[in-house]
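Novice: Following is a predicted model, sequence given first.
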Amino acid sequence: MDHQAFAQLLGNYGEFVGAIAVVATLFYLALQVRHSSEATEANTSAMEESRRLAMAQTYQARASTSFSAFASAAETGGMAPILVKYGASGYESLSPEDRVRFDQYARENAIWFDNLFYQYEQGYLDQSFYESTIRGALKANAIMIKDAGIHIGRPEFQQEIDRATAKSRE
């Protein structure tokens, strides 16, 4: 074999090895891109779950603070007679002063139930617990919330109030 034939043979082997190296490199890069995509998706899911949990905790803090402040005022201010009068004779029977207190009571209930409904929507409250415990209490308070004209900003909660009052008034 002369020098030129040997150089040609080496060139052919080089091209063959190079082609295999290109295929192997492409395969390796495809695996890396796939792994990177999976890691990005997992990170995005974890970040979304963290955001949802932070929102639920924010709602819980807001509702707890609001409810605690109202509970203290209700204990010292005698909400019971106002609620009895409302239950017996309706919203229109309340005096202007009683309506202010009643409206505040209804607002605090709305904030509390909105918090629970948000946690339920986000999957932080078990469906059976929400359906068996919370939804019944919400139904009992939904008409009061509507009578007081309370509108919480979240449309999803307002729809839940509307569903509860539609069933309660039937």
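Specialist: Nice, I can see it.

Novice: surely residue 121 meets residue 154?
Specialist: No - checked against C-beta atoms under 8 Å, the pair residue 121 and residue 154 is beyond contact range at 9.4 Å. Backbone N, C-alpha and C define where each C-beta goes, glycine included.

Novice: Might one say that residue 107 is in contact with residue 151?
Specialist: No - using C-beta under 8 Å, residue 107 is not in contact with residue 151; the gap is 9.9 Å.

Novice: What residues does the residue most central in space within the chain make contact with?
Specialist: Nearest to the mean C-alpha position of the chain, by C-alpha atoms, centre = their mean, lies residue 122 at 3.5 Å. The contact partners of residue 122, taken as C-beta atoms under 8 Å, 6 or more residues apart in numbering, are 52, 55-56.

Novice: tally of neighbours for residue 103?
Specialist: 18 (other C-beta atoms under 10 Å).

Novice: Local confidence estimate at the nearest residue to it once chain neighbours are set aside?
Specialist: Distances taken as C-beta to C-beta, 6 or more residues apart in numbering place residue 148 nearest to residue 103, at 4.5 Å, with adjacent residues excluded. pLDDT recorded at residue 148 is 90.

Novice: Over to residue 65?
Specialist: For residue 65, the pLDDT comes out at 67.

Novice: which element is residue 129 on?
Specialist: helix 127-129 (DSSP states H and E).

Novice: the helices in the chain, which residues?
Specialist: Remark: helices assigned in the chain by DSSP state H are 3-77, 79-89, 96-121, 127-129, 135-147, 155-169.

Novice: remind me which residues of the protein are low pLDDT?
Specialist: Applying pLDDT under 70 to the chain flags residues 59, 62-63, 65-67, 69-77, 167-170.

Novice: run the last query once more with 50
Specialist: 170 (pLDDT under 50).

Novice: Tell me, how many residues neighbour residue 53?
Specialist: Under the criterion other C-beta under 10 Å, the count of neighbours that residue 53 has is 13.
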